[in-house]
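**Q** Show me how the following folds:
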Amino acid sequence: MKFSLKSNAKINIGLNVTGVLPNGYHLLDMVMVPISLVDRLDGEIFDEEGELEITTNKPSIPTGKENILWKIYNKFYEMSGLPRKRIKLHLEKVIPHEAGLGGGSSNGAFFLKELNSYHNNFFSLEELIEIGKSIGADIPFFIVNKPSRVKGIGEEIEVIENNLDRDIILIKPNFGVSTAKAYKNMYMLNNKVDADIDKIVCGLRDNDITLVEESIENHLEQGLLLEDSNIIEFRKRLSNIPNMKFFMSGSGSAYYTFVENGEREVKAIKEQLQHCEVHLCRGL
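**A** Numbering: from 1, shown residues only. Below is the predicted model of the structure:
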């Protein structure tokens, strides 16, 4: 059986770190919104038993057992006890890496849902979320894949309304950010400024862009701005672009802005920020 999936990215609209568990996982409170920037997963599941074979358009992406798709494949058959099917899978990568956009987690979640569908929905939605959570914190969100307030380590998902009528421009600089470093730096903050998640939820529901923008903060960005020279310099460059407010998604390094006329603004941003990836998107 052949399949073709569009695996979308997300942005974080506000991110508060609210605590840490004994195992080192951080507790969060944030809004996550799926967006129209997508990777493609084209594959075939064969009738015979076998293993997973991954190919990709990006030579830098590992295709062995360290790949999140391999981890999903392994966990699905381990937990289900079903015979492993031979699968060929090609990943056409568009979502930038090390950007805070959840591309890898999205790939894993969509593949997990496809495997489950092929095997006659062997696992319930709740069970899929548990499987996903054991592999990546953002995977449960992408299993639901709706605008949500997300808490805990990513598994507490409350679907919300997003009626915000704006284009989204994503800007990915030519460097990445280590998520581990972002969390480490956050602990050096003396005065974290919290996002008002309640107001963000209301603003998205009521299409109130002013309320949304004035309520966004990101603890991880605040930590990085203490000493990450790449982020500090890039933030300065963004501040020189008039009439736009920019926000970091997750642990970065990608930023986004809400605009009314995306096509016109993308052209202006590309002229000012050469050597960056710039993508025009919408919320899903």
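
**Q** nearest residue to Gly50 other than its sequence neighbours?
**A** Arg86 (2.6 Å; CB to CB, 6 or more residues apart in numbering). Every C-beta, even on glycine, is put in place using the N, C-alpha and C of the backbone.

**Q** repeat for Pro140
**A** Going by CB to CB, 6+ apart, Pro140 has Ile129 as its nearest residue, at 4.4 Å.

**Q** and that neighbour, how many neighbours?
**A** 22 (other CB atoms under 10 Å).

**Q** give me every residue that touches it.
**A** Pro140, Ile143, Val144, Glu155, Ile157 (CB atoms under 8 Å, 6 or more residues apart in numbering).

**Q** host element of it?
**A** helix 125-133 (DSSP states H and E).

**Q** Any idea how far the helix or strand just after that helix is from the middle of the chain?
**A** Sequence-wise, the next helix or strand downstream of helix 125-133 (DSSP H and E) is helix 139-144. Helix 139-144 sits 10 Å away from the centroid of its parent chain (CA atoms, centre = their mean, to the nearest Å).

**Q** contact partners of helix 139-144?
**A** 7, 10, 32, 34, 102, 105-106, 108-110, 112-113, 125, 128-129, 132-133, 148, 150, 154-155, 157, 159.

**Q** can you rerun that using 7 Å?
**A** Helix 139-144 is contacted by residues 10, 32, 102, 105-106, 108-110, 112-113, 128-129, 132-133, 148, 150, 154-155, 157, 159 when judged by CB atoms under 7 Å, 6 or more residues apart in numbering.

**Q** which parts of the worst-scoring helix or strand of the chain on mean pLDDT are buried?
**A** One helix or strand of the chain scores below all others by mean pLDDT, DSSP states H and E: helix 179-186, with a mean of 86. Within helix 179-186, the residues that count as buried by 16 or more other CB atoms under 10 Å are Thr179, Ala182, Tyr183, Asn185, Met186.

**Q** circling back to that earlier point, among the contacts of Ile129, which one sits closest to Ile61?
**A** The shortest gap between Ile61 and any of the contacts of Ile129 belongs to Ile143, at 21.9 Å (CB to CB).

**Q** neighbours around that closest one, how many?
**A** Around Ile143 there are 23 residues (other CB under 10 Å).

**Q** now do Leu41
**A** The burial count for Leu41: 22, using other CB under 10 Å.

**Q** isn't it right up against Leu89?
**A** Yes: using CB atoms under 7 Å, Leu41 is in contact with Leu89, at 6.4 Å.

**Q** still on that earlier bit, please flag which of the contacts of helix 139-144 sit within strands.
**A** Using DSSP state E, the subset of these located in strands is Lys10, Met32, Ser148, Val150, Ile157, Val159.
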